[in-house]
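Peer 1: Here's my sequence, what's the structure:
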Amino acid sequence: MEEFRISNMYDLNETIAADYMKTKEYPWELLAGIKDYIIELGNKLPADKYEKRGENVWVAKSAKVFDSAYIGGPCIIDEDAEIRQCAFIRGSAIVGKGAVVGNSTELKNVILFNKVQVPHYNYVGDSILGFKAHMGAGSITSNVKSDKKLIVVKNGADDQVETGLKKMGAMLGDNVEVGCNSVLNPGTVIGRWCNIYPLSSVRGCIPEYHIFKDKDHIVKKVND
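Peer 2: From the prediction side, this is the model:
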């Protein structure tokens, strides 16, 4: 599980929740405390940059929120984010700088890093999406097993972690692309730079996609 530690999946300079992210070893360990952390952080946000709207909802003054969007608390919408028509934010959500929450997209108990895009008909629940992660139209995080058992994160037969969670969606590292109409099954963990094909059903752990650079070009190579 080493490569799926928070420190190996996320650039913590790209989230307002960096201090909270540093409190745990693995990202799914953060899910239980998102609600309380938002309330704690929200009450410390500067009034010249953030407007408090209703109970425990803080919206950056530079963010764009369409009239038909619903935002339930606790929630923080960071600077330059865009919450589009009929978005449904149920609560316990952090939406990062420049992030896009699109039409008919639903969020619940999530941390979206800066520049995340969930722009069309997405369900994102009990999940953490890293910097510039993108979910194609209709792709979702499934957060409850059909047998209702507790979720086990599986990185092969010999490397498994019992989370103790009944609800866990997906942990997406920085720059992950999820194709249209894909389903990320409960307990899915995807490393940085991975590209999930459209119409995929994904479960378990997917290692990051390594990037090697030289002076002339970029070469990508999948983990061995």
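Peer 1: Let me know the distance separating the residue nearest to the spatial centre of the chain from Val178.
Peer 2: Closest to where the C-alpha atoms of the chain average out (C-alpha atoms, centre = their mean) is Leu129, at 2.2 Å. Using C-beta to C-beta, to the nearest Å, Leu129 is found at 9 Å from Val178. In this view, the C-beta of every residue, glycine as well, is placed from N, C-alpha and C.
Peer 1: intersection of neighbour lists for these two?
Peer 2: Taking C-beta atoms under 8 Å, 6 or more residues apart in numbering as the contact definition, Leu129 and Val178 share the neighbouring residues Met135, Leu172.
Peer 1: Backbone dihedrals for Tyr70, both of them.
Peer 2: The phi and psi values for Tyr70, taken as degrees, to the nearest 10, are phi -110, psi 130.
Peer 1: Begin at 4 from now on, thanks
Peer 2: New numbering, starting at 4: the last item is Tyr73.
Peer 1: Please determine how far it is located from Asn112.
Peer 2: 16 Å.
Peer 1: Where does pLDDT dip in the chain?
Peer 2: 213-227 (pLDDT under 70).
Peer 1: what about the longest helix in it?
Peer 2: Across the chain, the longest stretch assigned as helix under DSSP state H is helix 37-45.
Peer 1: Tell me the first helix or strand C-terminal of that helix.
Peer 2: Taking DSSP states H and E as the definition, the helix or strand that follows helix 37-45 towards the C-terminus is strand 53-55.
Peer 1: Direction included, what does that next one pair up with?
Peer 2: strand 60-63 (antiparallel) (DSSP bridges).
Peer 1: need the helices for the chain, in chain order.
Peer 2: Counting by DSSP H, the chain has these helices, from start to end: 9-12, 21-24, 37-45.
Peer 1: residues in contact with the longest one?
Peer 2: Under the contact criterion C-beta under 8 Å, 6+ apart, helix 37-45 has outside partners 19-20, 23, 53, 55, 59-61, 76-79, 94-97, 112-114.
Peer 1: at 10 Å what do you get?
Peer 2: Here helix 37-45 makes contact (C-beta atoms under 10 Å, 6 or more residues apart in numbering) with 19-20, 22-24, 26, 33, 36, 53, 55, 58-61, 76-79, 94-97, 112-114, 129, 131.
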